[in-house]
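[1] Have a look; sequence and predicted model below, questions after that.
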Amino acid sequence: MSVLTPRPSAYPSRVSAEPARLPRTDPVVWGTVDDGPLDEAALARFATSGYLTLDQLIDRDEVAALLREVDRLAADPALAGDERLILEPGSGEVRSVFELHVLSERFAELFAHPAVQAPVRQLLGSDVTIFQSRVNRKPGFRGREFSWHSDFETWHTEDGMPRPRAVSLSLALTENRSDNGSLMIIPGSQRTFVSCVGETPDDHYRESLRNQQYGVPDEESLVALVEAGGIETVTLTPGSGVLFDCNCMHGSNGNITPFGRCNVFVVFNSVDNPLEEPFGGTTPRPRFLAAR
């Protein structure tokens, strides 16, 4: 266990024996309609639900090129044994590749494109930096689930992100169907911070990327969030995407269909929200998980 001491925080977690649901004290939308391409209705949807879908951000040819790039990275012998490659428990297939914007010029160019960055800067009300990027592959028949979680809980506790002023983009490279393990979101959950229990072990990230055991919300809190907002499954066509707030409670089921799912994720953090020391009293995670 870490010998460091958790720091005072507006969003304390993993410091108490009992879970808690705390009201968010920060905005969900930081910018205005004058700051970017999203209209008032889109900003209102994001503020209310915590997410927003974007149709056809890239065309079919670019989708095919990005899929080839994903396959290249997953098979690159230079990355064998690299921490940035996460394998499926049991099968050994590549589940995720992290730090895409460092490993691939093509992905770096995609993430810098105005069509990607403009709505993000508008939502965050500032210029942005890439906090994290990765591809998640969920193969047919054996793709594993991702349990319910809030990204901000981990990023605040283990990485030192002070405020929930970050937005994730999930870009579909294959069909995201209602039955092949697509993203599920609890609308409105971004307005509540779920404080979790348990002291974080050192180097927890090594296990959590395969099977998270700390920073997991309690069932009573999940029931309360679902009773208030329901559950929505985000279906996407290849080339479309979804923007979602860093404190949205989300997860996905396993994939037992024949239809594999492959999505690229990139997290943009406000330049006005630089990382500090982790609030949970642990040592900072590696750069590929939390770029400083």
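    Good, I have the coordinates. Residues are numbered from 1 along each chain as shown.

[2] can you pull out the strands in the chain?
    Counting by DSSP state E, the chain has strands at residues 20-23, 51-54, 85-87, 94-98, 128-138, 146-150, 166-172, 183-185, 192-195, 232-233, 241-245, 249-252, 261-270.

[3] out of those strands, nearest to E105?
    Closest approach to E105 among those is made by strand 128-138 (12.9 Å; CB to CB). All C-beta spots, glycine's among them, are computed from the backbone N, C-alpha and C.

[4] Kindly format the C-alpha coordinates of the closest one as CSV.
    Output in CSV follows, covering the C-alpha atoms of strand 128-138 (Å, rounded to 0.1, in the frame of the first residue of the first chain):
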residue,chain,number,x,y,z
VAL,A,128,-7.1,21.4,-24.8
THR,A,129,-4.4,18.8,-24.4
ILE,A,130,-4.6,15.1,-24.9
PHE,A,131,-4.8,13.4,-21.6
GLN,A,132,-5.1,9.8,-22.9
SER,A,133,-5.7,8.0,-26.2
ARG,A,134,-6.3,4.3,-26.9
VAL,A,135,-8.1,1.9,-29.1
ASN,A,136,-10.5,-0.7,-27.6
ARG,A,137,-11.1,-3.9,-29.5
LYS,A,138,-14.0,-6.2,-28.4
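
[5] what angle do that strand and strand 94-98 make?
    Orientation check (axes from the mean of the first three to the mean of the last three CA atoms, to 10 degrees): strand 128-138 against strand 94-98 gives 170 degrees.

[6] Strand 128-138 pairs with which strands, parallel or anti?
    Paired neighbours of strand 128-138 in the sheet (DSSP bridges): strand 94-98 (antiparallel), strand 261-270 (antiparallel).

[7] ranking those strands by burial, who's on top?
    strand 261-270 (a mean of 23; mean count of other CB atoms under 10 Å).

[8] could you give the angle of that strand to strand 241-245?
    Taking the same axes, to 10 degrees, one finds strand 261-270 and strand 241-245 inclined to each other by 40 degrees.

[9] Distance from the chain centre to strand 261-270, please.
    Distance of strand 261-270 from the chain centroid (CA atoms, centre = their mean, to the nearest Å) equals 6 Å.

[10] how big is the angle separating it from strand 166-172?
    Going by the same axes, to 10 degrees, strand 261-270 makes 160 degrees with strand 166-172.

[11] quick one: average confidence on strand 261-270?
    Averaging pLDDT along strand 261-270 gives 97.

[12] mind saving the C-alpha coords of that strand as PDB?
    Output in PDB follows, covering the C-alpha atoms of strand 261-270 (Å, rounded to 0.1, in the frame of the first residue of the first chain):
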ATOM      1  CA  ARG A 261     -16.400  -3.900 -32.100                       C
ATOM      2  CA  CYS A 262     -13.500  -1.500 -32.500                       C
ATOM      3  CA  ASN A 263     -13.500   2.000 -31.100                       C
ATOM      4  CA  VAL A 264     -10.900   4.700 -30.800                       C
ATOM      5  CA  PHE A 265     -10.900   6.800 -27.600                       C
ATOM      6  CA  VAL A 266      -9.200  10.100 -27.000                       C
ATOM      7  CA  VAL A 267      -9.600  12.200 -23.900                       C
ATOM      8  CA  PHE A 268      -9.100  16.000 -24.000                       C
ATOM      9  CA  ASN A 269      -8.400  17.900 -20.900                       C
ATOM     10  CA  SER A 270      -8.700  21.600 -20.500                       C
END
